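*Asks:* Need a 3D model of the following:
(2 chains)
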Amino acid sequence: MGARVVAAVAALFFVAPLIGLVWKAPWSSFGRELGSGEVRDALTLSLLTSTIATGVSALLGVPLAWVLSRAEFPGRRLLRALTILPMVLPPVVGGVALLLAFGRNGLLGQWLDRGFGVTLPFTTTAVVMAETFVAMPFFVLTVEAGFRSVDQRLEEAASTLGATPWTVFRRVTLPLVRPALVAGAIVCWARALGEFGATITFAGNFPGRTQTTPLKVYLLLESRPEAAVVLSLVLLAVSLAVLLGLRDRWLRAV
Amino acid sequence: MAESGLSRPSEAGLDAVVGLALGGLHLDVSLRVEANELVALLGPNGAGKTTLLRALAGLEPLQRGRVVLDGEVLEEAGGVRLPPEARPVGVVFQDHLLFPHLSALDNVAFGLRSRGVPRTAARRRAAAWLERMGLGDRCGARPQELSGGQAQRVALARALAVEPRILLLDEPFAALDASTRVEIRHELAATLRSFAGVRLLVTHEPLEAMAVADRLVVLEEGRIVQTGRPGEIGARPRTRYVADLVGVNLFHGRAAGNRVEITGGECLVVAGTETGDVFATVHPRAVALHRRAPEGTPRNVWQGDVESLDLLGERVRVRVRGRVPILAEVTEAAVRELDLAVGRQVWVSVKATEVMVYPA
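*Replies:* Presented below is the predicted three-dimensional model:
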């Protein structure tokens, strides 16, 4: 009985803010707020950067997940811990770390700056980097679990049929982990879309260039709260869509 | 090796010496299989049958020994090692292991595609194989939509489609229910016979092995304990496992004159004239049971008590504990007449002429 009461309080705690958001929404001016140039810019930038960040995460994350799930080498546990670290690290610390590594005077940044004239901080590229840094672990963990769940005897069967390791990977392993790839990409994308701390620290807050939707929401809350609510609702809708997309994975009763 | 492709008659077939340790298993096997020969590998669970197949397929590296097929070295411990994909080997796995994301047709075409056959040609040949297996109408089905028997036939077609020179089958019936087994056994036997090459069938079903194999190889604890044609193995078992398979009583001992001293110090009187280390078998049907000490000619008589009774059709198998533990097979009528029950004291007798003795 007591547990149920506490559960109800917990549920209310989760749901109340969302109800508040919907309740306070300026439904009459919804379309106009969304149509305004600066809001559209922020949304477009967010969609673009989080999609690219997801692509980069997939490109780098699939081999990383493969190594973590299959290879045996000293330091594998350490590598895994480092991969997960950004999930528990305060994003703002991630932003500071990125700045120290890729800033104009950073570890790699000064070399990029002097050698190639490439300056990363406070650019759209920096937004993508910040988002990738924070979101890629979600992709890697999901796909790593996927690789682990593949029946390796199927891969052996494929090799006895004449398939080289690469063919086995391409024609057997990858198709079998496809559900994990899709789920990992969705979670990664959602996390990248919501990124705030690392982005504002490493990429700054330049409208049209580095000002993503979460940053815009935060700023609008001071100047035009109604617009902030509208943008928040958009992000909420996206989150619900993500949840819907992953319902087989997360919502199915165990 | 320029002539490695030419199979000289003396070299055709499989020559394998497989030595490897894996977990608690120490596999140490020397095996020769002639081209065109079908060998059944029999043995209890954990004997190393599957590991031996895996080693031949290249899925388990050798620690000692070599695998030579038709004169071509596939693997030499510490030297050459062809990866599985480069071996002319077809494998049918225990639970078929069809690719769940591919149709039956694409499963069969997989090997051809992997070996560079263009898609259309590969599919055409795969379809022909499925047709041959009586599955022409199941080309588009996913493995999970196939019955156990159908899936196993697709797996066989998949292994054969790449035209391997050696076919390895790992308990192809294990996952099938009894009625499907009967249905598919004949088909499999026919398909196996039509395959021209080395065939190695792992099983722990003696009937299956004896029905299809030219020769049996019995593996126990990583070693070959007996090999021979099915009839020979049945007549002269050399281990408890084989004796149990063919259902005879097996004793190991030393023969001198017409006596065999078996383990435990007991003696069996026999009709033969073997000497030295021997095996002796007694068929359960040759073991007579009595309520009272029997009179007359039987030379081997002792007392024991009934340990268990197993109904076997019209007959009953009676295990008797005593100086010489033995299994007897009697009729149901005899069980009633003798009033046999677990724990009952009985007399056992075996005629000397019913004890088969052969060198160990």
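
*Asks:* So which other helices or strands are in contact with the helix ranked longest in chain B?
*Replies:* Longest helix in chain B by number of residues (criterion: DSSP state H): helix B:178-194. The contact analysis (3 or more C-beta pairs under 8 Å, 6 or more residues apart in numbering or on different chains; DSSP states H and E) places helix B:178-194 against helix B:148-161, helix B:206-212. (C-beta placed from N, C-alpha, C; glycine too.)

*Asks:* Which of these has the lowest mean pLDDT?
*Replies:* Among the helices and strands packed on helix B:178-194, helix B:206-212 carries the lowest mean pLDDT, at a mean of 80.

*Asks:* quick one: contacts for the spatially most central residue of chain B?
*Replies:* Most central in chain B under C-alpha atoms, centre = their mean is B:Leu42, positioned 2.2 Å from the mean C-alpha point. Residues near B:Leu42 by C-beta atoms under 8 Å, 6 or more residues apart in numbering or on different chains: B:Lys49, B:Thr203, B:His204, B:Pro206, B:Ala209, B:Leu216, B:Val217, B:Val218, B:Leu219, B:Val242, B:Leu245.

*Asks:* In strands, which of the residues you listed appear?
*Replies:* Among those, the members falling in strands (DSSP state E) are B:Thr203, B:Leu216, B:Val217, B:Val218, B:Leu219.

*Asks:* circling back to that earlier point, between the helices and strands packed on helix B:178-194, which one is nearest to A:Phe139?
*Replies:* helix B:148-161 (33.6 Å; C-beta to C-beta).

*Asks:* That closest one to helix B:178-194, inter-axis angle?
*Replies:* Counting by axes from the mean of the first three to the mean of the last three C-alpha atoms, to 10 degrees, helix B:148-161 lies at 20 degrees to helix B:178-194.

*Asks:* buried stuff in helix B:148-161?
*Replies:* Using 16 or more other C-beta atoms under 10 Å in any protein chain shown as the test for burial, helix B:148-161 gives B:148-161.

*Asks:* now stretch A:75-89
*Replies:* Result for stretch A:75-89 [16+ other C-beta under 10 Å]: buried residues A:Arg80, A:Thr83, A:Pro86, A:Leu89.

*Asks:* Quick one: residues contacting the closest residue to chain B within the stretch 51-200 of chain A.
*Replies:* Proximity of the stretch 51-200 of chain A to chain B (C-beta to the nearest C-beta) peaks at A:Leu161, 3.5 Å away. Contact analysis of A:Leu161 by C-beta under 8 Å, 6+ apart lists B:Glu85, B:Phe110, B:Gly111, B:Ser114, B:Arg158, B:Ala159, B:Val162.

*Asks:* next one: B:Pro230
*Replies:* By C-beta under 8 Å, 6+ apart, the residues touching B:Pro230 are B:Ala209, B:Met210, B:Ala213, B:Arg215, B:Leu216.

*Asks:* how much space between B:Leu56 and B:Glu37?
*Replies:* Separation of B:Leu56 from B:Glu37 (C-beta to C-beta, to the nearest Å): 14 Å.

*Asks:* I misspoke; the intended subject was A:Ala58.
*Replies:* For A:Ala58, the distance to B:Glu37 equals 51 Å [C-beta to C-beta].

*Asks:* of those two, who's got more company?
*Replies:* Remark: of A:Ala58 and B:Glu37, A:Ala58 carries more neighbours, 19 against 16, as counted by other C-beta atoms under 10 Å in any protein chain shown.

*Asks:* tally of neighbours for the closest residue to the more buried one other than its chain neighbours?
*Replies:* Distances taken as C-beta to C-beta, 6 or more residues apart in numbering or on different chains place A:Ala185 nearest to A:Ala58, at 6.1 Å, with adjacent residues excluded. By other C-beta under 10 Å, 20 other residues sit near A:Ala185.

*Asks:* repeat for the one 10 residues further on
*Replies:* Neighbourhood size, A:Glu195 [other C-beta under 10 Å]: 28.

*Asks:* What residues sit buried inside stretch B:93-111?
*Replies:* Neighbour-count burial for stretch B:93-111 flags B:93-99, B:101-111 (criterion: 16+ other C-beta under 10 Å).

*Asks:* my bad, stretch B:338-356
*Replies:* Neighbour-count burial for stretch B:338-356 [16+ other C-beta under 10 Å]: B:338, B:340, B:344, B:346-352, B:354-356.

*Asks:* One more: stretch A:96-104?
*Replies:* Neighbour count says stretch A:96-104 has A:Val96, A:Ala97, A:Leu98, A:Leu99, A:Phe102, A:Gly103 buried, by 16+ other C-beta under 10 Å.

*Asks:* show me the contacts for the closest residue to the fourth one other than its chain neighbours.
*Replies:* Yep, that's A:Leu99 we're talking about. Ranked by C-beta to C-beta, 6+ apart and with sequence neighbours excluded, the top spatial neighbour of A:Leu99 is A:Phe202, at 5.3 Å. By C-beta under 8 Å, 6+ apart, the contact set of A:Phe202 is A:Gly94, A:Gly95, A:Val96, A:Leu98, A:Leu99, A:Phe102, A:Pro121, A:Ala126, A:Met129, A:Ala130.

*Asks:* Can you add distance to B:Ala174 and pLDDT and give these back as a markdown table?
*Replies:* Conversion of the contacts of A:Phe202 to a markdown table gives the following (distance: C-beta to C-beta, whole Å; pLDDT from 0 to 100):
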| residue | distance to B:Ala174 | pLDDT |
| --- | --- | --- |
| A:Gly94 | 53 | 95 |
| A:Gly95 | 57 | 95 |
| A:Val96 | 59 | 95 |
| A:Leu98 | 56 | 95 |
| A:Leu99 | 61 | 93 |
| A:Phe102 | 58 | 93 |
| A:Pro121 | 62 | 88 |
| A:Ala126 | 58 | 95 |
| A:Met129 | 53 | 96 |
| A:Ala130 | 54 | 96 |
